[in-house]
Each structure stands twice: as structure tokens, then as C-alpha cells.
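Participant: Got a predicted structure here, sequence first:
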Amino acid sequence: MNKTIIYSDKAPSPIGSYSQGIMVGNTLFISGQIAFDPATGELITNDISDETDQVMKNLWAILNAAGMDFSHVVKCSIFVKDMGYFETINTIYGKYFHENPPARETVEVSGLPKNVNVEISCIAVKE
């Protein structure tokens, strides 16, 4: 198997033993992203809209490092601490997928890294 590590300095550096993204063939697997702002090193958790927007920006940076954008995404997984945030997260998330949104699940969990409210991972395919 030929796999390539994808890294962007415009996304947060991994906080554990994982890669931001792994490209296998034409498929990119992006690790779950949380709302670290790579420019400031700050974690955004005070507002779910801002938090979700930063997560999506981090995903975009990794997609971009692989020569892709959100139109290449075929699957997302959203993990949220409180399903009461669903509508807000869905609204912000939807702004990044203008047409033909990917398959997705949203799962409420009891905790996330760094005590964030939302984490999103995705899979993208480059034609």
C-alpha cells in the first residue's frame, strides 16, 4: 500500500500520535479536527458557531494541502458533546458544502479531546 502523509501548517499540528491526513491512492482520510486556531494557538470553545467554523477551516487547510477542496469530500463524521448544538453546527457546516453534500453521521459523545464541543473528520476522493 502506498500512503502519503498530508500536512498543512495552516491547520493545527496533531496533539497525539496521528497524522492530519493520509492519502491512499486518490482517497484522503482526514483525522478529526477540533477548533484550534493555528495562527494563534488558541482553542475556540466559547461559541459553537465560531468553534464549528474553525473546525471547518482546519479541514479545508488539510484538503487544500492535498490539492482538494470541500467538493471532493464524500463522507464526514461529526462528534458533538451536546446534541442541542446540532442545528447551529449543521448551519455552519452547510455553508462549506454548496451543492451535493457528502454522506454524514452526527453522534453525541460524552467527551472530546481538550473538552471541546465538536470534532469533525472526513474522507475525500480526488478524481
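Facilitator: On my side now, so go ahead. Numbering: from 1, shown residues only.
Participant: mind listing what's buried in the helix ranked longest in the chain?
Facilitator: When every helix of the chain is counted residue by residue (DSSP state H), the longest turns out to be helix 48-65. Buried positions in helix 48-65, judged by neighbour count with 16 or more other Cβ atoms under 10 Å: 48, 51-63, 65. C-beta: built from backbone N, CA, C; applies to glycine.
Participant: all helices of this protein, in order?
Facilitator: Listed from the start of the chain, the chain has helices (DSSP H) covering 48-65, 86-94.
Participant: Columns distance to residue 26 on top of those helices, output as TSV?
Facilitator: Conversion of the helices of the chain to TSV gives the following (distance: least, Cβ to Cβ, whole Å):
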stretch	distance to residue 26
helix 48-65	13
helix 86-94	24
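Participant: Tell me which of the ones you listed sits nearest to residue 126.
Facilitator: The closest approach between residue 126 and any of the helices of the chain, judged by Cβ to Cβ, belongs to helix 48-65 at 9.7 Å.
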